[in-house]
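Novice: Based on what follows, work out the 3D shape:
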Amino acid sequence: MPHTIAEIAQALGADCAGDVAILVARAAEPEQAGPDDLALAMSPKFADGLAAGQARAAMVWPGADWQSLGLKAAIFAPRGRLAMAGLTAMLDPGPGIAPGIHPLCVIDPTAQIALGAAIGPFVTIGAGVVIGANARIASHVSIGDGARIGPDALILHGARIGARVTIGARFICQPGAVIGSDGFSFVTPEKSGVEEIRETLGKREDIRAQSWTRIHSVGAVTIGDDVEIGANACIDRGTIRDTTIGAGTKLDNLVHVGHNVQIGRDCLLCGQVGIAGSARIGDRVVMAGQCGVNDNIFVGDDVICGGATKIFTNAPAGRVLLGYPAVKMETHIEMQKALRRLPRLAAKVAEIEKVIQKS
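Specialist: From the prediction side, this is the model:
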């Protein structure tokens, strides 16, 4: 539904000016904005875009001369991306899941569905499942026996929630995610080649045939409040104890969390991050895309890892890491500078060798 400029500004706790009764139906980039759109121009670099578009109203930077930009109304956003978070929440209609339970669902009679739930077609809900109030579950979701999902959850198309998984309030799960799959855990009757290499750091006495015996996962997954899981992410259940994800943590698409992993509160794990079994991740840890964490190590609170960082040993709290293997950011920068100098250094060494050979 359309909103007035005044309504949007009040919801965002922002100042506004001009004809605040103007109605806007959606947000748009400045160049593409029409008369009924709210142009997003939170930086002076977007001023030219406003001139190219047709917006009557815009969200602009503090102190912007909005009238000279051809606007009839403006909302002032001191922190642009934070304002965008509030604005997009207002404008997002959410998935079209009809209230109530669709007749094409299969729900075990022992499951408990709280008031206000909206469950789409082809959803299957197992024995003993508990679904919290106002949960929304899109089509083709499956929820295993004994799972518990908190109030106000949003689980989108094709997600798989395994048996005995426990999930807190306001959970968001994107399509295709799998929570509570078996952990990847196998053992050989004799010492395996992997165990030998770990002990010798590369030396092999003998190469012999070996076979793998499955270790079953009898734990589950426990997820706190306000957690979001991206599309096609996979979270393995624990071998004995649960795999855990703390409140407020956000996982991007294609993130893999191994069995027994413990992730703290308010972490941010970007696309293709992989965390091996039994690793422990502290609070407020940020990992950019394709970061990897070795098994059985600890990453401390407030660690930030740049893209494709590979962490093989414990990382102390507050450290900023880059590289393969992970090192301090400043160390990695110096290493890269030195690496770029290698061709010149090699040429100088070759010249010195020629001089020495002639002497």
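
Novice: do you know how far the residue lying closest to residue 86 once chain neighbours are set aside is from residue 37?
Specialist: Of all residues beyond its chain neighbours, the one nearest residue 86 is residue 12 (4.6 Å), with distances taken as CB to CB, 6 or more residues apart in numbering. For glycine as for every other residue, the C-beta is placed from the backbone atoms N, C-alpha and C. With the distance defined as CB to CB, to the nearest Å, residue 12 ends up 17 Å from residue 37.

Novice: which phi and psi does the residue nearest to residue 86 have?
Specialist: With angles defined as degrees, to the nearest 10, residue 12 shows backbone torsions of phi -90, psi -10.

Novice: Quick one: residues contacting it.
Specialist: Residue 12 makes contact with 75, 77, 83, 86, 87, according to CB atoms under 8 Å, 6 or more residues apart in numbering.

Novice: hmm, try it at 10 Å
Specialist: For residue 12, the contact set (CB atoms under 10 Å, 6 or more residues apart in numbering) comprises 59, 75, 76, 77, 82, 83, 84, 85, 86, 87, 89, 90.

Novice: Phi first, then psi, for residue 322.
Specialist: phi -150, psi 160.

Novice: Verify the stated contact: residue 90 with residue 25.
Specialist: No - in this structure, residue 90 sits apart from residue 25 without contact. The criterion is CB atoms under 10 Å, and the distance is 11.4 Å.

Novice: what sits in contact with each of those two?
Specialist: Shared contacts of residue 90 and residue 25, defined by CB under 10 Å, 6+ apart, are found at 1, 3.

Novice: Over to residue 185: give its phi and psi.
Specialist: Backbone dihedrals for residue 185, given as degrees, to the nearest 10, come out at phi -140, psi 120.

Novice: again with the one 10 residues further on
Specialist: Backbone dihedrals for residue 195, given as degrees, to the nearest 10, come out at phi -60, psi -40.

Novice: again, but for the one 4 residues further on
Specialist: Note on residue 199: its backbone torsions stand at phi -80, psi -40 [degrees, to the nearest 10].

Novice: In contact with it, which residues?
Specialist: Taking CB under 10 Å, 6+ apart as the contact definition, residue 199 lies against residue 191.

Novice: and the gap between it and residue 296?
Specialist: Counting by CB to CB, the gap from residue 199 to residue 296 is 15 Å.
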